[in-house]
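Engineer: Test case, fold it:
(2 chains)
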There are 2 protein chains.
Amino acid sequence: MARLGIDLGGTFARAAVVDEQGKIIAANKVALEERTPPAVVEAIAQAAQHALKDAGTNEVRTCGVGAAGQIQGDSGVMAVAPNLGWRNVPLGSLLSQRLGHSVRLVNDLRAAAWGEFRAGAGRGSLDMYTVFVGSGVGSAAIANGKLIQGGGGVAGELGHTKVVPDGRLCGCGERGCLEAYAGGHNIIAQTRELLASGKAPMVRELTGGNPDMVTPVTLEQAAEKGDAVARELYERIGLFLALAVANQVTVLNPARLILGGGVLTHCPGLRRRVVEGVQQYSSRTSREGLLITEAELGDDSGIIGAALLG
Amino acid sequence: MARLGIDLGGTFARAAVVDEQGKIIAANKVALEERTPPAVVEAIAQAAQHALKDAGTNEVRTCGVGAAGQIQGDSGVMAVAPNLGWRNVPLGSLLSQRLGHSVRLVNDLRAAAWGEFRAGAGRGSLDMYTVFVGSGVGSAAIANGKLIQGGGGVAGELGHTKVVPDGRLCGCGERGCLEAYAGGHNIIAQTRELLASGKAPMVRELTGGNPDMVTPVTLEQAAEKGDAVARELYERIGLFLALAVANQVTVLNPARLILGGGVLTHCPGLRRRVVEGVQQYSSRTSREGLLITEAELGDDSGIIGAALLG
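Structural biologist: Residues are numbered from 1 along each chain as shown, chains lettered A, B, ... in the order given. This next block holds a predicted model:
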């Protein structure tokens, strides 16, 4: 009996057959030609059939889908999926009709956290906290060996904790969210503001004055080369991230803290600041025995987690 | 078969026999004449025996003890009990030897939260967050119907989340903790500083200039009477509390938020600020469906929670 995991992104549907320990036995990937719900369901079904065939099995014990978007708890409905342009699509039930077995739909970040918990950097612990800093900022907490989903199914929104009351406008429509400062898109936007101000010579040098060349790495490099205004912004972002993560460590007291996501991977200086800040600002008792680590499963964490959650 | 709950404070040991629904059938209270571990164990045993006798039972199904102090997870050891002057006392095993049955020892705040969850304001929910603002600031979270204890058993230390990096010195030895601003002892200390500064006329008027007359209510009343520096401090404390609680609502997404403790009970203006701040600063999705409420069981929450946790 196979555990089937599906990872639905904006351009591909990936399927994998995974064993009880979270090892991938067979995997397949199908490009999303169209983004309508029926076309996406069909692409997922194709990927799943190929993966099952390659694994030499036909019987699905569990099936989980990790998808980028907002999914409230175990509703099976994608409330918002920005990559696909969807709103309120009942993907869980559409897929279970097409595949002929039950399907559990979860947010991709929770799937990835669960994969790391069961088969990666969280293995052997019961209490884990995962923070991803990519274009946005998200988190997933596991306590007593279970994902914290929350009463409304939307737990983990670290990116929308407030760090500056009535501060910078966030993509969510509210003000002062951590993500409005520390999310990759907003690091780029703030660095472009520095470039436009004419006060950040190293940002200008690194980008040739072209705002389209700005990435989060630009800010880190400009700060490290001694650009004073870039440094000020960079320190501020690092402090906001460190305090937010440290305060969650204090309240949740995880045994493992996993820091992942593109911004922290490509900006090692920022990652170091977060690690040091967590050690400095989390409460002494909560950080005793805390292991801060990187994700181990890379891009496979979501598909493995989906398979094991299903 | 009885569920036995014990509430160990600094001056009394209370015991109660509680039914499955958390109703108290019989209760007893014994003063702590001495505070040595054997004397306290004996006082607890006396209170328990009287309560059991009054309830007309002798068979104990579960026994839980809620005690003021630091208890790591299910260790049964009181690492620090300031009221009793204890360090590293294995109260759980001492009690289970004396009473002849197993005993579960938990922190009083967790016991109170569990009581509210099972028999009070949290009844019917699976995800609850409780914040107590008294002389200190503490919290307890329940997710998926279980207390979050954390990998090291010290989850919930909201009072030691950092609100001002390297700020005011806290009783824990670290700087900038929420409790260093918003805990009752520290509200008093800061209000005394205002009094000593000579810049807070209403604080002087309310106390007759006597620092010993300062309570947290003094600050609220001085602020409400228009004392500018008192108002500034009061607003700051309210904002720190509101942001800290709101950010936990965003991450934990509880169905119920319970606000309790002496400071919030006696300072209704401060409580209102926290409630309004949570509605303003928690993420929109996390506060949908959130019910903010008061504790229902009063002083009995801890003893009922201990009985039901045991």
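
Engineer: What segments of chain A are strands?
Structural biologist: A:2-8, A:12-18, A:24-31, A:60-67, A:70-71, A:78-81, A:86-89, A:104-107, A:128-133, A:137-143, A:146-147, A:256-260, A:291-294 (DSSP state E).

Engineer: would you turn those into JSON lines with mean pLDDT and distance to residue B:87?
Structural biologist: Heads up, the C-betas are built off the backbone N, CA and C, glycines and all. Compiled in JSON lines, the strands of chain A are given as follows (pLDDT from 0 to 100; distance: least, C-beta to C-beta, whole Å):
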{"stretch": "strand A:2-8", "mean pLDDT": "96", "distance to residue B:87": "48"}
{"stretch": "strand A:12-18", "mean pLDDT": "97", "distance to residue B:87": "48"}
{"stretch": "strand A:24-31", "mean pLDDT": "97", "distance to residue B:87": "50"}
{"stretch": "strand A:60-67", "mean pLDDT": "95", "distance to residue B:87": "47"}
{"stretch": "strand A:70-71", "mean pLDDT": "88", "distance to residue B:87": "47"}
{"stretch": "strand A:78-81", "mean pLDDT": "90", "distance to residue B:87": "51"}
{"stretch": "strand A:86-89", "mean pLDDT": "95", "distance to residue B:87": "56"}
{"stretch": "strand A:104-107", "mean pLDDT": "94", "distance to residue B:87": "44"}
{"stretch": "strand A:128-133", "mean pLDDT": "97", "distance to residue B:87": "29"}
{"stretch": "strand A:137-143", "mean pLDDT": "97", "distance to residue B:87": "28"}
{"stretch": "strand A:146-147", "mean pLDDT": "96", "distance to residue B:87": "34"}
{"stretch": "strand A:256-260", "mean pLDDT": "96", "distance to residue B:87": "29"}
{"stretch": "strand A:291-294", "mean pLDDT": "96", "distance to residue B:87": "27"}
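
Engineer: got those as CSV, with distance to chain B and mean neighbour count columns?
Structural biologist: Putting these into CSV (distance: least, C-beta to the nearest C-beta, whole Å; neighbours: other C-beta atoms under 10 Å in any protein chain shown) gives the following:
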stretch, distance to chain B, mean neighbour count
strand A:2-8, 21, 28
strand A:12-18, 24, 25
strand A:24-31, 28, 17
strand A:60-67, 17, 24
strand A:70-71, 8, 22
strand A:78-81, 9, 19
strand A:86-89, 14, 16
strand A:104-107, 12, 25
strand A:128-133, 8, 29
strand A:137-143, 4, 26
strand A:146-147, 5, 19
strand A:256-260, 8, 25
strand A:291-294, 9, 16
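
Engineer: Next, give phi and psi for residue A:135.
Structural biologist: Backbone dihedrals for residue A:135, given as degrees, to the nearest 10, come out at phi -60, psi -30.

Engineer: will you turn the strands of chain A into CSV that also has distance to residue B:269?
Structural biologist: CSV is the format used below for these (distance: least, C-beta to C-beta, whole Å):
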stretch, distance to residue B:269
strand A:2-8, 49
strand A:12-18, 55
strand A:24-31, 58
strand A:60-67, 45
strand A:70-71, 36
strand A:78-81, 37
strand A:86-89, 41
strand A:104-107, 39
strand A:128-133, 35
strand A:137-143, 33
strand A:146-147, 38
strand A:256-260, 37
strand A:291-294, 40
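
Engineer: quick one, which of the ones you listed is nearest to residue B:248?
Structural biologist: strand A:137-143 (11.3 Å; C-beta to C-beta).

Engineer: any idea of the angle the closest one forms with strand A:128-133?
Structural biologist: Interaxial angle, strand A:137-143 versus strand A:128-133 (axes from the mean of the first three to the mean of the last three C-alpha atoms, to 10 degrees): 170 degrees.

Engineer: on contacts alone, who are the packing partners of strand A:137-143?
Structural biologist: Contacting strand A:137-143 under the criterion 3 or more C-beta pairs under 8 Å, 6 or more residues apart in numbering or on different chains; DSSP states H and E are the following elements: helix A:108-119, strand A:128-133, helix A:228-252, helix B:228-252.

Engineer: Try it again at 10 Å.
Structural biologist: strand A:104-107, helix A:108-119, strand A:128-133, helix A:179-182, helix A:228-252, strand A:256-260, strand B:137-143, helix B:228-252 (3 or more C-beta pairs under 10 Å, 6 or more residues apart in numbering or on different chains; DSSP states H and E).

Engineer: want to try JSON lines for the ones you listed, with distance to residue B:54 as columns?
Structural biologist: Below are these laid out as JSON lines (distance: least, C-beta to C-beta, whole Å):
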{"stretch": "strand A:104-107", "distance to residue B:54": "50"}
{"stretch": "helix A:108-119", "distance to residue B:54": "47"}
{"stretch": "strand A:128-133", "distance to residue B:54": "46"}
{"stretch": "helix A:179-182", "distance to residue B:54": "57"}
{"stretch": "helix A:228-252", "distance to residue B:54": "40"}
{"stretch": "strand A:256-260", "distance to residue B:54": "48"}
{"stretch": "strand B:137-143", "distance to residue B:54": "30"}
{"stretch": "helix B:228-252", "distance to residue B:54": "39"}
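
Engineer: Alright, calling it a day.
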